[in-house]
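Peer 1: build me a model from this:
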Amino acid sequence: MDIIIYGTTEFSYLVAARLHQQHNITILHDGGELSERFNNLDVSIVEGSGSDISVLDNIEARKADLFIACSVLDEANIVACWTVKKIADTETICFISKASLYKNFSSITHNHYQTRYDIDSIIWPEQLLTQDIFRIISVPEALDVEYLAGGKAKLFEYRIKAESTIVDKPIKDCNFPANVLIPGITREGKLFVPSGSTTIRLNDKVFFIGSGAALDVLAADFFKHDRKVKSVSIVGGGAVGFMLAEKLERTGIKVKIIEHNIQRCAFLADSLKKALVLQGNGTDLELLESESIAAADVCVCTTDNDEKNLLCSLLIKQMGTKRIITRVGNIQNYGLFEHVGIDVVVSPKASALTEVLNRVQTHSVDVVALLEGGKGEVLRLTLPKTFKEMRIKELDMPFNAIIGVIVRGYKVIIPNGESLLLPQDRLQIFAMKEDSEAIKNFFFA
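Peer 2: As a prediction, the model looks like this:
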């Protein structure tokens, strides 16, 4: 594909770094200092505005398959997408950071007045992140939760603790419920695809794919957590903290939210129905102790400052919280947060990157989820009509991957080696990032 990326933000670099080896990438920037890391990519770099038709003509924007606007200014991104639509029927993705703009573009009223100049996709990373955090909260002790096959199958990630009955057991001897697979394990920071003989170790982070009912049995029998989350403490009352509190309130969960800005506190108190809003600093140990923040079933740090989130998380963890979820802005800090003991690390950029990759993948292949900071992927593909019927164990795949779900018509199958693959089956495959291209070539060569 020919892809134009407008802006030289951290996110534009992440997209370009992920795609430049398989696609023709042009980076369009407004001038000023350009990070040297862009020069390490096989991309074209052009100086100019995304709303300048002459610049767009010079880079042959009308021939582009996709235009991604992710500069630091929402309004510049919107105008750039509109301008591209004037000269070509190119698919456009626009990044925004303001709740008011997102609501305007996603409202029913806006949809009444659609024209050919409309932006194809609006992405607000904070909104996607909120959805991710809410899913994780809904499953006690889970480090990650992904819905597959329209929610008929799920992927949970758990950390193996000392009291677990499966520590030091080979996977084949664990007697997990039927319709449950282990497609991946992270051990000492390295993600890999296990075999039946792989032994589960203390502190491993283990992925499980299965039907909803089977994973409920798994959670109750192996992780001893059949209780529901009843209370959540949130540090940070920005967009993510507010939207998360709204979602939690609607499900009957008690919420405490700490916000430093007094005007924002007034907004939160007026907008939330039952949440207790506390004005203060999330790093204030006296406030955390007096308000029993760590006593909640889950604590979430959602400010847009990595250093503050890390400090808040460590303080709350030291106070004995059962579970903590922490936002990281710079994906490079992902490993650091995990290394110092943060239970769950989430990133708005990782959430948004998944959305973008879905628009870019080749025919019949897309990315359902990025795992472990992008080290692993869940790929979704549809087997071609020419595919020769065979059992999974007969596949001679030159890479390590696990077919976790087969969707056949309205039927969802959690497969094993004996499961039959048929033309037009829709597969969801757990794989390492570096193997994603090989998987596409294997099934669509």
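Peer 1: quick check: N333 touching N305?
Peer 2: No. Contact criterion Cβ atoms under 8 Å: N333 and N305 do not qualify, at 11.2 Å. (Each C-beta comes from the backbone N, C-alpha and C, glycine too.)
Peer 1: how far away is the spatially most central residue of the chain from L370?
Peer 2: The centroid of the chain falls nearest to S351 when counting by Cα atoms, centre = their mean (3.2 Å). Plainly put, S351 is 8 Å away from L370 if you go by Cβ to Cβ, to the nearest Å.
Peer 1: do the same with K103
Peer 2: Distance from K103 to L370, by Cβ to Cβ: 26 Å.
Peer 1: the two: which is more packed in?
Peer 2: Of the pair K103 and L370, L370 is the one with more neighbours under other Cβ atoms under 10 Å, namely 20 against 12.
Peer 1: next SSE after the helix or strand hosting E157?
Peer 2: Using DSSP states H and E, E157 falls within strand 153-159. Counting by DSSP H and E, the next helix or strand C-terminal to strand 153-159 is strand 180-187.
Peer 1: angle of that following strand against strand 153-159?
Peer 2: If you take axes from the mean of the first three to the mean of the last three Cα atoms, to 10 degrees, strand 180-187 sits at 40 degrees to strand 153-159.
Peer 1: what packs against strand 180-187?
Peer 2: strand 190-192, strand 205-211, helix 212-222, strand 401-408 (3 or more Cβ pairs under 8 Å, 6 or more residues apart in numbering; DSSP states H and E).
Peer 1: reformat the ones you listed as TSV; add distance to G252.
Peer 2: Output for the helices and strands packed on strand 180-187, formatted as TSV (distance: least, Cβ to Cβ, whole Å):
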stretch	distance to G252
strand 190-192	36
strand 205-211	26
helix 212-222	19
strand 401-408	31
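Peer 1: in TSV, list the ones you listed along with distance to F387, mean neighbour count and mean pLDDT.
Peer 2: As requested, the helices and strands packed on strand 180-187 are arranged in TSV below (distance: least, Cβ to Cβ, whole Å; neighbours: other Cβ atoms under 10 Å; pLDDT from 0 to 100):
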stretch	distance to F387	mean neighbour count	mean pLDDT
strand 190-192	27	14	93
strand 205-211	22	24	93
helix 212-222	27	16	83
strand 401-408	12	22	94
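Peer 1: can you tell which of the ones you listed is closest to E91?
Peer 2: strand 401-408 (25.6 Å; Cβ to Cβ).
Peer 1: counting contacts, what elements does the closest one pack onto?
Peer 2: So strand 401-408, by 3+ Cβ pairs under 8 Å, 6+ apart, packs with strand 153-159, strand 180-187, strand 205-211, strand 411-413, strand 426-432.
Peer 1: of these, which is nearest H20?
Peer 2: Closest among these, using Cβ to Cβ: strand 426-432, at 18.9 Å.
Peer 1: name every strand pairing with that closest one and say which way it goes.
Peer 2: In the sheet, strand 426-432 lines up against strand 376-382 (antiparallel), strand 401-408 (antiparallel) (DSSP bridges).
Peer 1: what angle separates it from strand 205-211?
Peer 2: Using the same axes, to 10 degrees: strand 426-432 against strand 205-211 is 170 degrees.
Peer 1: what packs against the following helix or strand past strand 426-432?
Peer 2: Using DSSP H and E, the helix or strand that follows strand 426-432 in sequence is helix 436-444. Contact partners of helix 436-444 among helices and strands, from 3+ Cβ pairs under 8 Å, 6+ apart: strand 365-371, strand 376-382.
Peer 1: name the stretch among those that sits most buried.
Peer 2: When those are scored by mean count of other Cβ atoms under 10 Å, the highest mean neighbour count falls to strand 376-382 (a mean of 22).
Peer 1: which residues are contacting that one?
Peer 2: In this structure, residues lying in contact with strand 376-382 by Cβ atoms under 8 Å, 6 or more residues apart in numbering are 146, 148, 155, 184, 191, 364-371, 404, 424-433, 436, 439-440, 443-444.
Peer 1: quick check, pLDDT for A438.
Peer 2: Here the pLDDT value assigned to A438 is 88.
Peer 1: how about it, nearest residue that isn't a chain neighbour?
Peer 2: Counting by Cβ to Cβ, 6 or more residues apart in numbering, F399 is the residue found nearest to A438 once chain neighbours are left out, at 5.0 Å.
Peer 1: let me know the outermost residue of this protein.
Peer 2: Distance to the chain centre peaks in the chain at S54, reaching 36.3 Å (criterion: Cα atoms, centre = their mean).
Peer 1: gap between the strand or helix carrying it and the chain center?
Peer 2: In the assignment (DSSP H and E), S54 maps to helix 53-58. Distance of helix 53-58 from the chain centroid (Cα atoms, centre = their mean, to the nearest Å) equals 34 Å.
Peer 1: mind checking which helix or strand of the chain has the lowest mean pLDDT?
Peer 2: Across the helices and strands of the chain, mean pLDDT, DSSP states H and E gives its lowest value to helix 108-111, namely a mean of 50.
Peer 1: what is the subsequent helix or strand relative to that helix?
Peer 2: Next along from helix 108-111, by DSSP H and E: strand 121-123.
Peer 1: work out the gap between that next one and the centre of the chain.
Peer 2: 15 Å.
Peer 1: same check on stretch 31-44?
Peer 2: Offset of stretch 31-44 from its chain centre (Cα atoms, centre = their mean): 26 Å.
Peer 1: which parts of that stretch are buried?
Peer 2: Neighbour-count burial for stretch 31-44 flags 38, 41, 43 (criterion: 16 or more other Cβ atoms under 10 Å).
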